[in-house]
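Trainee: Could you work out the structure for the sequence below:
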Amino acid sequence: MKKGIAILGSTGSIGKQTLEVVSVFPSSLTVVALAAKDEVDLIVEQIKKFSPKVVSVATEEVKQQVEAKLGGANVQIFVGQDGLMKVATEPTAKMVVVAIPGSLCLVPVIEAVKLKKDIALATKEVLVAAGEIFMKEVKSAGVKIFPIDSEHSAIAQCLQGEDAKTIKKIVLTASGGPFIKTPVEKFETLTAKEALNHPTWKMGPKITIDSATLMNKGFEVMEAHYLFDLDYSKIEVLIHPQSIIHSFVEFVDGSIKAQLGAPDMRIPIQYALLENKRAGNHWSRLSFAKLSQLTFMQPDKQKFPCLEYAYEAGKKKGTLPAVLNAANEEAIKLFLRGKINFAQLPLKIKAVMDKHENKENPTLDDILAADKFARVNLV
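Mentor: Next up is the predicted model:
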């Protein structure tokens, strides 16, 4: 029987690559629901190719444009937050792929978990903003989380068959982004176009900017804390520009296990969709013969303070992580619109964090209120 897949973010980078993977395994995977934004032609193309039962789009106007181009196709189209909820809770979906950047899909994903749907997680902001609440629901529902991030997929693979008590530390590798060698004095002049020119990965604009500031790696540290139930003292970050070693685990006896592969997101996506089962590779392959070098360096936390902000928020817990996440989203929007420069990104984020009064043991409503606070106060 085919496994029904719902995709939140089908027209983004991860969503499109997820559909590529689904296409390779038509006998075992089928798309039952898609949530997209406003890319009308691409949405229509995806509906025609994958025949989902339910589709969500951003606005009523987009819905009308899609329906006009479809010409009576047998699909239900919903709008906005209600649409995201319909896709996330579609009864025939056994797994929900979460690939919408930011906290927009937080509530729908929690509802999917309550309905006992497994989650293939690319949107790290779900765990960043509401990790305690999300993991409590996951444990209560007894569902599985399959990480799509290459780093967390790597850690999960390294831990197969291992006793978690024998972990000394995990090391998340980071490409370092496009500015790892750029003097900090030049940060005020860096443009969004330069920041979006990632040296190794093809990703959406939000996560690409996060990679440039190292906030993405900070979010991954917070994600790893919840996924692998590890104290922050056991989670480290190492810059590895080639993006070949996706992460590694050091055990108490000094042994280290690493997962290596070509920098191609379709590999961890496939591993997640197939629930940690190996299948033939239709994508990129790693050739050691063509590798000239593998290099590593410690992250410069003064040059890239967002990494430290994430550690700080993660350790304090409460509503502060949600504030960090929302402030970061809003700051990136300003940067992409040319309203602030690259050097101002961390300054804007830290100002909102400092202004916020952290609330411990928050409810989901508290998390959403903190998210709103950050967006209103990021100016």
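Trainee: Roughly how far does the residue nearest in space to the middle of the chain sit from Pro108?
Mentor: Of all residues in the chain, the one closest to the mean position by C-alpha atoms, centre = their mean is Thr123, 2.9 Å from it. Thr123 sits 11 Å away from Pro108, going by C-beta to C-beta, to the nearest Å. (Each C-beta comes from the backbone N, C-alpha and C, glycine too.)
Trainee: Could you export stretch 37-54 as PDB, CA atoms only?
Mentor: Extracted C-alpha coordinates of stretch 37-54, given in PDB (Å, rounded to 0.1, in the frame of the first residue of the first chain):
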ATOM      1  CA  LYS A  37       2.200  30.000  -1.500                       C
ATOM      2  CA  ASP A  38       1.500  32.000  -4.700                       C
ATOM      3  CA  GLU A  39       3.500  30.500  -7.500                       C
ATOM      4  CA  VAL A  40       0.400  29.900  -9.700                       C
ATOM      5  CA  ASP A  41       2.000  28.100 -12.700                       C
ATOM      6  CA  LEU A  42       4.100  25.800 -10.500                       C
ATOM      7  CA  ILE A  43       1.100  25.000  -8.200                       C
ATOM      8  CA  VAL A  44      -0.900  24.100 -11.300                       C
ATOM      9  CA  GLU A  45       1.900  21.900 -12.600                       C
ATOM     10  CA  GLN A  46       2.200  20.100  -9.300                       C
ATOM     11  CA  ILE A  47      -1.500  19.500  -9.100                       C
ATOM     12  CA  LYS A  48      -1.600  18.000 -12.600                       C
ATOM     13  CA  LYS A  49       1.400  15.800 -12.100                       C
ATOM     14  CA  PHE A  50       0.700  14.500  -8.500                       C
ATOM     15  CA  SER A  51      -3.200  14.700  -8.300                       C
ATOM     16  CA  PRO A  52      -3.400  15.700  -4.600                       C
ATOM     17  CA  LYS A  53      -6.800  15.600  -2.900                       C
ATOM     18  CA  VAL A  54      -6.200  18.900  -1.000                       C
END
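Trainee: buried residues in it?
Mentor: Neighbour counts using 16 or more other C-beta atoms under 10 Å place 37, 39-40, 43-44, 46-47, 50, 52-54 of stretch 37-54 among the buried residues.
Trainee: same question, stretch 278-289
Mentor: Neighbour count says stretch 278-289 has Trp283 buried, by 16+ other C-beta under 10 Å.
Trainee: From the opening residue of it to its closing one, how far?
Mentor: 24 Å (C-alpha to C-alpha, to the nearest Å).
Trainee: Identify all contacting residues around it.
Mentor: Here stretch 278-289 makes contact (C-beta atoms under 8 Å, 6 or more residues apart in numbering) with 24-25, 244, 260-264, 266-267, 270-271.
Trainee: Can you tell me which of these are buried?
Mentor: Using 16+ other C-beta under 10 Å, the buried members of the contacts of stretch 278-289 are 24-25, 244, 261, 263-264, 266-267, 270-271.
Trainee: and the helix or strand bottoming out on mean pLDDT in the chain, how far out from the chain's middle?
Mentor: Ranked by mean pLDDT, DSSP states H and E, the weakest helix or strand in the chain is helix 192-195, scoring a mean of 86. Chain-centre distance of helix 192-195: 20 Å, with C-alpha atoms, centre = their mean, to the nearest Å.
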